[in-house]
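Q: Okay, sequence plus prediction incoming.
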Amino acid sequence: MTGVLHLWKYGLNAGLLGGLITVLLSLIGMVEAFSKRQIVSDVLSMDQALLGAAVVFVGYLAAKRTTSTYPLWVVINTLTCGFITAGMLMLLLVIGDLINLRAVFINASPVLYELLSFGQGFETAPLLFVAYPLCSLFAGILYLLPGALRKMLIVSLTCVIGAGVLQDLIRPTLAAWESLADVAEWIFSANGLTEQGAAAIFLVIAAITLFWSFKGEAVETGYRRLPPAGQKTMQWMGFAVLLVVLFILPQVLGLFLSEVLTIVGLYVLLGLGLNIVVGYAGLLDLGYVAFFAIGAYVTAILTSPELGFFNLSFWSALPFAILMGITAGVLLGIPVLKMRGDYLAIATMGFGEIIRILVLSDFLRPWLGGAQGIGRIPKASIAGFEFGTPQTIYYLILAGCFLAIFISLRLKDSRMGRAWKAMREDEDVAQAMGINLVATKLLAFGTGAGFSALSGAIFATKLTSVYPHSMNVMISINIVCVIIVGGMGSIPGVIVGAAALVGLPELLREFAEYRLLVYGLALVVMMLVRPEGLWPEPVRRREFHEEVEELPENNGAPSAA
Amino acid sequence: MPILTARRTTKRFGGLVAVDELDVEIKEKTIHSIIGPNGAGKTTFFNCVTGSYRPEEGEILLNSHSLVGLLPDQIVRLGIARTYQNIRLFPVLTAMENVLVGLHCHLRASYFGIVAGLPSTRKEEKEATEEARRLLRFVNLTGKGDLMAKNLPYGEQRRLEIARALATKPKLLLLDEPTAGMNPSETQTMMDFIRHLRDELGITILLIEHQMRVVMGISETVTVLDYGKKIAEGTPEEIKKNTKVIEAYLGKGSAAETMGVAA
């Protein structure tokens, strides 16, 4: 045992980290804010889930550092980890009892102490030393379990917590369907899941994950064995099902959620455009919102009776908006042709600001409306059907997204897409292989700007007004984050990224004050744990995990000829 | 009839004259080597020919077409392709995509053709894939098309780089130290391969090389550079005996000794 004694420090380190995280979560007020929501009614509140998840996380870290070679040490270390975390929270409670921490930490309220000590102050506080080590031990056991079981537990527990957190989303959706209203009633109480609901979700998801771990491979090989024609039919059927689901979605989800969907959709459209510029061509553009603004303002100028210049309909203004966007993209491209990397990012960022400030200026006020923006932009309509409410605007955005996805897919594996990717990898060599850098770069800028302008035009008719302050640099940065988190160069990645970074915060509005904190944290964690993004391109996944999959390749390789 | 002619070509970097009034003629369908000590200006000359650098003085002609002032992508279209001293593939593209990029300048698909999926575009794309597969087979990389370039072993990366250069359908191929870092048997295979390129495809080869065994083994003409100047030119046999060359490589006074030993 002497050789392995050094392992104790992994438990200690993880415990200290856990203590820091839990104390931090308490002092910034997240614990108190989260306590109002129940995950499982009267059993588990959201703050307990949050603290529990933090402890499980550090416990898992301790176990992973110790490695499964020493199972006994995993148990010891996870228990130590839990004890130390609990000890540090206890310390917070004691200090809070002796000194008034509120002078510095505004959130260090009696309510917080009560929550942390399970309700009864110092009487129940020793429970910390039972609950936390147990949570941590659970993480250790999770680590030691075989892969399939571990996956099942993690996925189903995450689903239960997810269902609890998103109760406001799921319950009304279910309740909207006559037949499912009873199910909703059974699963959800007024605040949080019911006990039987939580158990049911856990069991169903667990069964599905287990089935997939054991039979998934068989299903996949079965699919691969199908003749190509059969595979094609399967793909088309899948696509058709997806279409139907997307089509009925707003009717099912109701007004508020459709509104969220439209915002996500606009970001998907923007993300797809920037994905071509940044993801394919590798040109980091931080002024991307400029083209969104141009699309929105051109639509506004051409349609709004408030300015009274043209009074066109949305559909006749749309081509002009897109064309102006593309032209602006190409014009911006020309001065920055020779720039790379950071220099390009700064120059484009400046361009974004120029557009915003121009729009805001008094000098252009008669034409662009200045700070008050432009109002009374007409709704789009086709043959009497008006895209007025979020539930109908959704179809407009959906069509835009399909168009953008279609164009992206076609370009991706074409001569043009390869030229972009080659340029991203090595500009000089790309040129030495016969790629005209000027044309290739300008096409990338123009295509991206076109998508962005389309998004801006739809945005203008959605809100029926445009304001300069909705065109700030944060939007550009948000879009860059969407494609980085989703996975650079990946089309499904853009959709997942937009849903995660734009959709989720809209759904969790009541925690809006922690939005940027969580956002930043999520980005840091993403870059450390999954730098290739949530849904990367297959090639990119290989780039980041090559050591795992390279081995089988080298065996049968002939020696250099 | 020389395929490539450089006349009094000069390239300076500040006060340093990297290539100094260089006159070279490359005859069609020969294997021509450029040798010289480190820093003699060999790669700089390559960069002048391919358009990465613009020489300050003199001219470079392909057949009788001037190359000075053209961009690298225009020069590739005229039929000059190159490889690099330290391999420069597109690392995270697959081997297949690397070769397809080389075919870029021979594809005609327009932006709208691609988006609309015109039959002519699809046909061209299919033919390009076929051609790329054929080139991969030619450099003995059959079945490796889907691997990322950076995951290929060193020797295969070298060959992939040549396949990418061949995809541009060059008349003149510039190889910058193609056998660097190879063991004797790999070097021998590469030499056979270069000879094969010339004999089978009729491509003129201009070669920078440090391994004397390669230079003497395959070249018809050897040009020796030192401090940017041409100090000797001739067949391998002539170069071996040239006192200036021995001095440049081994230092003054060595020539006499070496000659003495040889005698």
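A: Good, I have the coordinates. Bear in mind the structure is a predicted one, so any value in this text is a computation, not a measurement.
Q: dump the residue contacts of the residue of the stretch 51-200 of chain A found nearest chain B.
A: Going by C-beta to the nearest C-beta, chain B is nearest to A:Gly147 of the stretch 51-200 of chain A, at 25.8 Å. Where you see a C-beta, it was placed from the backbone N, CA and C, and this is true even at glycine. Applying C-beta atoms under 8 Å, 6 or more residues apart in numbering or on different chains, we find A:Gly147 in contact with A:Ser213.
Q: Quickly find the element holding B:Gly58.
A: strand B:57-62 (DSSP states H and E).
Q: That strand pairs with which strands, and in what direction?
A: Here strand B:57-62 is paired, per DSSP bridges, with strand B:2-13 (antiparallel), strand B:65-66 (antiparallel).
Q: Which one, of those strands, ends up nearest to B:Gly155?
A: Nearest to B:Gly155, of all those, is strand B:2-13, at 28.4 Å by C-beta to C-beta.
Q: Pick the most buried one from the strands paired with strand B:57-62.
A: Mean neighbour count (mean count of other C-beta atoms under 10 Å in any protein chain shown) peaks for strand B:2-13 among these, with a mean of 18.
Q: quick one: the helices in the stretch 401-550 of chain A?
A: For the stretch 401-550 of chain A, the helices defined by DSSP state H, counting those that start in this stretch occupy A:415-425, A:427-432, A:437-463, A:473-486, A:491-498, A:504-507, A:515-529, A:538-544, A:546-549.
Q: my bad, should have said the stretch 51-200 of chain B
A: B:72-78, B:95-103, B:111-116, B:119-138, B:154-167, B:184-201.
Q: pLDDT on the fifth one, on average?
A: If you average the pLDDT over helix B:154-167, you get 94.
Q: Also the shortest one?
A: Averaged over helix B:111-116, pLDDT sits at 91.
Q: Looks like A:Leu79 contacts A:Leu137 (just checking).
A: Yes. At 5.7 Å, A:Leu79 counts as touching A:Leu137 under the criterion of C-beta atoms under 8 Å.
Q: which residues of the stretch 251-400 of chain A score low on pLDDT?
A: Scanning the stretch 251-400 of chain A for pLDDT under 70 picks out nothing.
Q: Outline the domain layout of chain B.
A: B:1-79+B:170-263, B:92-168 (automatic domain parsing).
Q: tell me the centre residue of the chain?
A: All of this is about chain A. The structure's chain A has its C-alpha centroid closest to A:Ala500; by C-alpha atoms, centre = their mean the separation is 2.3 Å.
Q: wrong one, I was asking about chain B
A: Centre-nearest of chain B using C-alpha atoms, centre = their mean is B:Leu174, 1.6 Å out.
Q: partner residues bridging that residue?
A: B:Arg82, B:Leu206.
Q: residues contacting it?
A: Contacts of B:Leu174 by C-beta under 8 Å, 6+ apart are B:46, B:49-50, B:80-83, B:206-208.
Q: One more pass at 7 Å, please.
A: The neighbours of B:Leu174, taking C-beta atoms under 7 Å, 6 or more residues apart in numbering or on different chains as the test, are B:46, B:49-50, B:80, B:82, B:206.
Q: coming back round to it: hey, least reliable of the domains of chain B by pLDDT?
A: domain B:1-79+B:170-263 (a mean of 90).
Q: Chain A contacts on chain B?
A: Residues of chain B lying close to chain A (C-beta under 7 Å from any C-beta of the partner chain) are B:50, B:52, B:71-73, B:76-77, B:82, B:88, B:90-94, B:97, B:100-102, B:104-105, B:107, B:109, B:111, B:114-115, B:117, B:125, B:140, B:147-148, B:151, B:153, B:155-156, B:164, B:168, B:186, B:189.
Q: Buried only: go through the residues you listed for me.
A: B:50, B:52, B:71-73, B:76-77, B:82, B:88, B:90, B:92-94, B:97, B:100-102, B:104-105, B:107, B:109, B:111, B:114-115, B:125, B:140, B:147-148, B:151, B:155-156, B:164, B:168, B:186, B:189 (16 or more other C-beta atoms under 10 Å in any protein chain shown).
Q: now, among the contacts of B:Leu174, which is nearest to A:Thr299?
A: Closest to A:Thr299, out of all of the contacts of B:Leu174 and judged by C-beta to C-beta, is B:Thr50, at 47.2 Å.
Q: what's the pLDDT at the residue nearest to the closest one when sequence neighbours are not counted?
A: Distance criterion C-beta to C-beta, 6 or more residues apart in numbering or on different chains; nearest residue to B:Thr50, sequence neighbours excluded, is B:Arg82 at 5.2 Å. Looking at B:Arg82, its pLDDT is 95.
Q: who's in contact with B:Arg82?
A: A:432, B:46, B:50, B:165, B:174, B:176.
Q: Repeat the analysis, applying 10 Å as the threshold.
A: A:429, A:432-433, B:46-47, B:49-50, B:52, B:72, B:75-76, B:88, B:161, B:165, B:168, B:170, B:172-176, B:206 (C-beta atoms under 10 Å, 6 or more residues apart in numbering or on different chains).
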